[in-house]
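how would this look folded up:
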Amino acid sequence: MTGRWLITITLVVFSTMSTGCVVSRRSVQRWINMKNNEIVAYEDIIAELEHENAKLRATQSRAADEPAGETNTDDLNIELPLEDDGSSTPRIPAELEPARAVEGDSASASFRSEEVADPTATRDAASITHLGLDVRKVSIPGRSNDNTDTVLKVIVQPRDQAENVVPVAGALTLVVLNPQLRTRVARWEFGASQTRQWIEATSRDAGLHVPLPGSGEWGERQDLDLFVRYVTADGRRLEAQCPLRFLEPAEPSRWSRRAPASRSRDNAVRAASATMTSRVRVPVESVPEWSPRR
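Okay, the predicted model is just below:
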C-alpha cells in the first residue's frame, strides 16, 4: 500500500509541474508576440519618417538648383497701395457695423515712397514729437452757388518738443467714431502728396488744414470722437484724438485756438496749442484758455 501511495503522489506532482510549465510557456509566447507586434509598428513609423525625410531632401535639392533671381510668386502676398488719383476730395465711407480698434483702422495709412526719399522732408520731420488738433466750423460752397454748407475743418499741427508747429506733409488717416453706439461714422485717408496742398506755414494757424466734407450732415446728434494718425517722412506714426462738439456756427468751439491778447512769445506758443493727447504735459502755472480746467 505504501508503495502505491508513493507512486500516486509522484504522478500527481509530476502532472502538476507539467501543467505549470505549459501555462508558463504560453505566457512567454504571448509576451514575445506582443513585442514582435510593437517592433513591426515601430518599423512602420521609421519607414514613414524616412519617406518624409526623402521628400524634404528632394525639395531642398530643387530649391538649391534654382537660379537665385527666380522667386515663386505664389509665396508672396503683397498689397500695393491704391494709386493717388490726384483728387483733393476725400473718400467718405458709409456707416459701418461696430468698428475695430482705431489702431487697426489707421494702420493702412502709409507715407508715399517719394516722400521718404525727400531728404528735406525727412530732416524737418525728425523734430516732430506729437500732434495738436484744432477743430473748427467753416463754410464751403454748396451744391448750388446760392447756398453754402457748414462743415468741420481739422487743423493738424505737427509739433516739436518746444511746441513749435512743424508744417510738413505726411500721410493722414482720420476716423470719426460714435462712442455711444460703438460704430464708425466716417473715415478719410490722404497721402503725403495730397496733404501738401493743405499746408499753411506762415499764418498764425500753421499746420495741415484738412476739411471734412459731409461732416455738416451729422447734425446736432450725439457727440462724436475724432482720431487722427499722422505718418512722418521718417516712418513714425503719431496719434491724437479729441471730441467733436456740434455747436452753433457763431459759438466758438472749446477746442479751437484763441488769439492771445498781449503775451510773450513763449506764452503765445503755449496758447497756440490745441487739443493734445495724454502724452502732452501742460504746465500748471500757465494753463491755456482751451484747457478743460478753465
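
Sketch out the low-pLDDT regions of the protein for me.
1-23, 65-118, 141-147, 219-222, 245-294 (pLDDT under 70).

Can you spell out the domain ranges of it, please?
19-59, 102-271 (automatic domain parsing).

Switch these over to JSON lines; also include mean neighbour count.
From N, CA and C alone the C-beta is placed, and that goes for glycine too. Converted to JSON lines, the domains of the chain look like this (neighbours: other Cβ atoms under 10 Å):
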{"stretch": "domain 19-59", "mean neighbour count": "10"}
{"stretch": "domain 102-271", "mean neighbour count": "17"}
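
I figured Ala121 hits Gly235, correct?
No - taking contacts as Cβ atoms under 8 Å, Ala121 lies outside contact range of Gly235: 11.5 Å.

So which elements touch the helix or strand Val176 falls within?
Assigned by DSSP states H and E, Val176 belongs to strand 171-178. On a contact count with 3 or more Cβ pairs under 8 Å, 6 or more residues apart in numbering; DSSP states H and E, strand 171-178 meets helix 102-106, strand 183-190, helix 192-195, strand 207-212, strand 224-231.

how much space between Asn178 and Pro243?
11 Å (Cβ to Cβ, to the nearest Å).

Overlap in contacts, the two.
224-225 (Cβ atoms under 8 Å, 6 or more residues apart in numbering).

Cross-check the contact I'm expecting between Phe190 and Ala171.
Yes - using Cβ under 8 Å, Phe190 is in contact with Ala171, at 6.8 Å.

A strand includes Arg123, no?
No - counting by DSSP: H, G, I helix; E, B strand; the rest coil, Arg123 is not found in a strand; it is helix.

gap between it and Val168?
10 Å.

Could you do Arg26 as well?
From Arg26 to Val168 the distance is 91 Å (Cβ to Cβ).

Just confirm Pro167 is within a strand.
No - counting by three-state DSSP, Pro167 falls outside a strand, being coil.

gap between the closest residue to it other than its chain neighbours and Val168?
Distances taken as Cβ to Cβ, 6 or more residues apart in numbering place Ala201 nearest to Pro167, at 4.4 Å, with adjacent residues excluded. If you measure Ala201 against Val168 using Cβ to Cβ, the figure is 9 Å.

again with Arg237
Distance from Arg237 to Val168, by Cβ to Cβ: 14 Å.

Ser215 is in contact with Ala186, isn't it?
Yes - with contact defined as Cβ under 8 Å, Ser215 counts as touching Ala186 (7.5 Å).

and for the two, which residues touch both?
Val176.

coming back round to it: so the residue nearest to Pro167 versus Ser139, what's the distance?
Relative to Ser139, and taking Cβ to Cβ, Ala201 is found at 24 Å.

the strands in the stretch 51-200 of the chain, which residues?
Secondary structure of the stretch 51-200 of the chain by DSSP state E, counting those that start in this stretch: the strands cover 130-141, 148-159, 171-178, 183-190, 199-200.

Export those strands to JSON lines and append columns for distance to Asp44.
Converted to JSON lines, the strands of the stretch 51-200 of the chain look like this (distance: least, Cβ to Cβ, whole Å):
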{"stretch": "strand 130-141", "distance to Asp44": "65"}
{"stretch": "strand 148-159", "distance to Asp44": "67"}
{"stretch": "strand 171-178", "distance to Asp44": "57"}
{"stretch": "strand 183-190", "distance to Asp44": "57"}
{"stretch": "strand 199-200", "distance to Asp44": "72"}
